[in-house]
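In: Okay, sequence plus prediction incoming.
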Amino acid sequence: MEPQGEQADFELRHWDGSDEDDAEDEVESPDNEIVGVEQDKWMKLLDLYGEIDDEPKWSYLRGPGIRLIKGDGEETAETARVMIVGEGPGAVDNGAGKPFAGGNGELLESCLEVAGLRRDQCFVTNVIKYRSRDGRPPGVGESLMAQDAMRREWKIISPVLTIAIGATAHYILNPTLLALTNFHHGELWTYPNRDDLFVTSMIPPALGLRRPRYRESIEESWETLGKMINDVGIREEI
């Protein structure tokens, strides 16, 4: 079940792409980091994942067989200019140790192909890093608790294009005030403070399996994304 007592301490903040904690990396350094030497992105991510895994607020999700699912993966963290952010890992992801594994991964790769993208161009992660014990999607309270860490992860990758999949990722990473159901999926937005960085939001591809009436619109949204990538001129950057 979702945490009850902690939700009041968190408030979803409309994000403009800026970072309120820009000075954080300069103030504190891990013990194994030499001052003045830049850490690579994967090492910074491992530090962040370690912090998340130590946070008591996520203890209700941890349990036998449940592990923190890191972003995928070390190689793409250094080179990817596209970041894909889902809601949370499922049972297959938890077993495989990576997000969008198994059938969901195949669906994602098919969608990416429609947009003229490949998974190996993308850093793939989730807002929530643990599978819920009952398999439910992340709740509002969990989204609020995860937003700061998720935005730190985004800052480390510094993607040219962010693809938010599902409502949880949409509310945290997309600057629009529109609900996901009212958002034109595949349409590119920029952040108010970073007009060189683009973001879009998508319905989860797996929804097309559960509700066939969505299949055509899901494919069309990825076609739209592919066209907009070309229109704004970032195809070569990614």
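Out: Cool, the structure landed. Residues are numbered from 1 along each chain as shown.
In: Tell me how many other residues crowd Glu219.
Out: By other Cβ atoms under 10 Å, 15 other residues sit near Glu219. C-beta here means a position set from N, CA and C on the backbone, and glycine is covered the same way.
In: Same question for the one 3 residues further on.
Out: The burial count assigned to Trp222 is 23, neighbours taken as other Cβ under 10 Å.
In: Over to the one 10 residues further on?
Out: Burial of Val232 is recorded as 15 neighbouring residues (other Cβ under 10 Å).
In: Quick check: the gap between it and Ser221.
Out: 16 Å (Cβ to Cβ, to the nearest Å).
In: Please apply the same query to Gly50.
Out: Distance from Gly50 to Ser221, by Cβ to Cβ: 35 Å.
In: neighbour-wise, which of these two wins?
Out: Set side by side, Gly50 and Ser221 show more neighbours around Ser221, with 24 against 12, by other Cβ under 10 Å.
In: how about the helix or strand hosting that one as CSV, C-alpha atoms only?
Out: For Ser221, the host element (DSSP states H and E) is helix 215-232. What follows is helix 215-232, C-alpha atoms only, in CSV (Å, rounded to 0.1, in the frame of the first residue of the first chain):
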residue,chain,number,x,y,z
ARG,A,215,-3.1,0.7,-30.3
GLU,A,216,-3.6,3.0,-33.3
SER,A,217,-3.3,6.2,-31.3
ILE,A,218,-0.2,4.9,-29.5
GLU,A,219,1.5,4.2,-32.8
GLU,A,220,0.4,7.6,-34.2
SER,A,221,1.9,9.4,-31.2
TRP,A,222,5.3,7.8,-31.9
GLU,A,223,5.0,8.7,-35.5
THR,A,224,4.3,12.3,-34.4
LEU,A,225,7.4,12.2,-32.2
GLY,A,226,9.5,11.1,-35.1
LYS,A,227,8.3,13.9,-37.4
MET,A,228,8.8,16.5,-34.6
ILE,A,229,12.3,15.3,-34.0
ASN,A,230,13.0,16.1,-37.6
ASP,A,231,11.1,19.4,-37.6
VAL,A,232,13.0,20.9,-34.7
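In: quick one, helices of the chain?
Out: 24-27, 41-54, 74-79, 91-96, 102-114, 140-157, 167-173, 207-210, 215-232 (DSSP state H).
In: Run the chain-centre distance for the helix holding Ser221.
Out: A distance of 19 Å separates the C-alpha centroid of helix 215-232 from that of its chain, computed with Cα atoms, centre = their mean, to the nearest Å.
In: what's that helix packed up against?
Out: On a contact count with 3 or more Cβ pairs under 8 Å, 6 or more residues apart in numbering; DSSP states H and E, helix 215-232 meets helix 102-114, strand 194-202, helix 207-210.
In: can you list the ones you listed in CSV and add mean neighbour count and distance to Arg136?
Out: Conversion of the helices and strands packed on helix 215-232 to CSV gives the following (neighbours: other Cβ atoms under 10 Å; distance: least, Cβ to Cβ, whole Å):
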stretch, mean neighbour count, distance to Arg136
helix 102-114, 17, 16
strand 194-202, 20, 20
helix 207-210, 14, 15
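In: how about Ile157, what does it touch?
Out: Lys41, Gly71, Ala77, Ala80, Met83, Phe123 (Cβ atoms under 8 Å, 6 or more residues apart in numbering).
In: out of those residues, who's nearest Phe100?
Out: Checking the contacts of Ile157 against Phe100 by Cβ to Cβ gives Gly71 as the nearest, at 10.6 Å.
In: Can you tell me how far that closest one is from Glu106?
Out: Taken as Cβ to Cβ, the span from Gly71 to Glu106 is 19 Å.
In: do Asp40 as well
Out: 30 Å.
In: and what of Arg119?
Out: 10 Å.
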